[in-house]
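**Q** got a sequence here, can you build the structure:
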Amino acid sequence: MKPTKTLFIFFFASFTLFSQKTLTLEPITGKIYHFQFSQERQELWATCDSLMFSKAFKEKLTQQEFSALMDKCGEIGYSEACDNMWSVICGNDWTDEGYPYNQIDLTKAYNYTAYIKQHPDYRFTTASSALKATSKNTYDDRNISDLSYQTAWVEGVEGYGIGEFVAFHFQPGHPRITTVIIANGYIKDKNTWKNNSRVKQLKMYVNNKPFAILNLKDVYAEQIFKIPIIGYNITYFTNKDGTTGWKYKDENGRNVKSYHENSELQPDSIKFEILSVYKGDKYKDTAITEIYFDGLDVY
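**A** The predicted structure follows:
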């Protein structure tokens with residue numbers, strides 16, 4: 001009987017270790033970047049911007065001139081949805097319905113204003129380090145969620161930044177997250193992207209617990225990772241006695257927890273740690289331009 005018991009213990013231990021193994025995820029390649037904006041194209045962008053919002057500007061042009069200019073604007077991807085030519089939210093690529101959790105109105109699920117008052121030091125992003133700013137550029141963690149392809153978070157330690165991380169801090173009651181989208185490297189133009197190091201592997205943590213290993217390709221394109229759902233389906237309820245609260249359901253529709261209106265809801269954090277890199281042609285500095293998210297409950 002003793003050998004059998006030993007075998008069972010070994011099997012149980014092996015199964016436990018296997019069941020706790022971190023997911024390894026491969027990306028889907030999204031849109032390919034084309035960011036070679038010359039001074040001429042920047043000036044054209046400014047003209048297109050004026051064209052969209054100025055009646056007087058339009059009235060100065062003939063129909064033929066107007067159509068020709070509109071064609072040029074289309075070539076650089078201009079639309080009213082773009083803040084600037086490097087914007088993540090642009091045309092059909094993204095709309096304000098698709099992203100940003102840090103700009104979502106969370107008051108239906110939680111008193112967001114009260115949460116900020118209770119947490120005056122709250123920041124959506126933090127990082128372990130950042131390259132020192134220059135007179136022309138900044139490299140801190142806020143760049144990774146600013147919806148701009150022109151800026152990037154660049155780690156600030158010696159070497160390639162192995163072990164450095166950037167983290168996102170979601171308020172209580174945030175929409176469920178099913179997708180992570182990464183603009184890997186310093187992608188504002190192809191030369192800058194090649195010269196700086198890019199991430200090869202990221203380790204993703206949810207609430208400081210290992211969640212997944214993300215294997216990134218060395219491509220000048222958007223990389224999309226489908227992930228297990230983070231967060232809960234939240235519904236507001238009123239009891240017969242008039243008390244109110246929130247019910248949380250998992251992806252299978254099961255009630256997993258509920259809170260009354262005076263309860264302190266818990267936020268979620270997602271951290272991305274650099275495990276390995278693709279070496280830059282000129283610099284060791286490792287950059288990530290954007291990390292953004294998609295999911296459910298986003299309106």
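**Q** which residue ranges of the chain form helices?
**A** For the chain, applying DSSP state H gives helices covering 2-19, 39-53, 55-59, 63-75, 112-118, 190-195.
**Q** where among those helices is average confidence lowest?
**A** The stretch with the lowest mean pLDDT among the helices of the chain is helix 2-19, at a mean of 40.
**Q** got the CA positions of stretch 70-78 in PDB?
**A** Included here for stretch 70-78 are C-alpha records, laid out as PDB according to Å, rounded to 0.1, in the frame of the first residue of the first chain:
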ATOM      1  CA  MET A  70     -11.000  65.600 -49.400                       C
ATOM      2  CA  ASP A  71      -9.200  62.800 -51.300                       C
ATOM      3  CA  LYS A  72      -5.900  64.000 -50.000                       C
ATOM      4  CA  CYS A  73      -7.300  64.100 -46.400                       C
ATOM      5  CA  GLY A  74      -8.500  60.500 -46.900                       C
ATOM      6  CA  GLU A  75      -5.000  59.400 -47.900                       C
ATOM      7  CA  ILE A  76      -3.600  60.400 -44.500                       C
ATOM      8  CA  GLY A  77      -6.500  58.800 -42.600                       C
ATOM      9  CA  TYR A  78      -8.000  62.000 -41.400                       C
END
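**Q** where does pLDDT dip in the stretch 151-299 of the chain?
**A** 233-237, 244-266, 297-299 (pLDDT under 70).
**Q** repeat that for 50
**A** For the stretch 151-299 of the chain, applying pLDDT under 50 flags the ranges 261-262, 299.
**Q** now the strands for it?
**A** 153-154, 165-170, 177-184, 198-206, 209-215, 221-230, 233-238, 244-249, 255-260, 268-278, 287-295 (DSSP state E, counting those that start in this stretch).
**Q** deepest of those, which one?
**A** Among the strands of the stretch 151-299 of the chain, ranked by average contacts under mean count of other CB atoms under 10 Å, first place goes to strand 153-154 (a mean of 28). Every C-beta, even on glycine, is put in place using the N, C-alpha and C of the backbone.
**Q** now for it, which elements pack on it?
**A** Counting contacts by 3 or more CB pairs under 8 Å, 6 or more residues apart in numbering; DSSP states H and E, strand 153-154 packs against strand 287-295.
**Q** switch the cut-off to 10 Å
**A** Strand 153-154 sits against strand 125-127, strand 287-295, with contacts defined as 3 or more CB pairs under 10 Å, 6 or more residues apart in numbering; DSSP states H and E.
**Q** let me have those strands in JSON lines, extended by distance to residue 213.
**A** Shown next, in JSON lines, are the helices and strands packed on strand 153-154 (distance: least, CB to CB, whole Å):
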{"stretch": "strand 125-127", "distance to residue 213": "20"}
{"stretch": "strand 287-295", "distance to residue 213": "15"}
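**Q** closest to residue 177 out of the ones you listed?
**A** strand 287-295 (4.3 Å; CB to CB).
**Q** angle of the closest one against strand 177-184?
**A** Computed with axes from the mean of the first three to the mean of the last three CA atoms, to 10 degrees, the direction of strand 287-295 lies at 160 degrees from that of strand 177-184.
**Q** alpha carbons of strand 287-295, as CSV, please.
**A** The C-alpha coordinates for strand 287-295 follow below in CSV (Å, rounded to 0.1, in the frame of the first residue of the first chain):
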residue,chain,number,x,y,z
ALA,A,287,9.7,51.1,-25.4
ILE,A,288,6.0,50.3,-25.6
THR,A,289,3.9,53.0,-27.3
GLU,A,290,0.4,51.9,-26.2
ILE,A,291,-1.4,49.2,-24.3
TYR,A,292,-5.2,49.5,-24.5
PHE,A,293,-8.1,47.2,-23.8
ASP,A,294,-11.4,46.0,-25.2
GLY,A,295,-14.2,44.0,-23.6
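**Q** that older thread, can you tell me which of the helices and strands packed on strand 153-154 is nearest to residue 46?
**A** Nearest to residue 46, of all the helices and strands packed on strand 153-154, is strand 287-295, at 22.8 Å by CB to CB.
**Q** gap between the nearest residue to residue 29 once chain neighbours are set aside and residue 230?
**A** Leaving aside its sequence neighbours, residue 29 sits nearest to residue 221 (CB to CB, 6 or more residues apart in numbering; 5.2 Å). Distance, residue 221 to residue 230, by CB to CB, to the nearest Å: 24 Å.
**Q** could the strands of the stretch 151-299 of the chain be laid out in CSV, adding distance to residue 41?
**A** Formatted as CSV, those follow (distance: least, CB to CB, whole Å):
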stretch, distance to residue 41
strand 153-154, 25
strand 165-170, 30
strand 177-184, 20
strand 198-206, 25
strand 209-215, 33
strand 221-230, 20
strand 233-238, 44
strand 244-249, 48
strand 255-260, 51
strand 268-278, 28
strand 287-295, 19
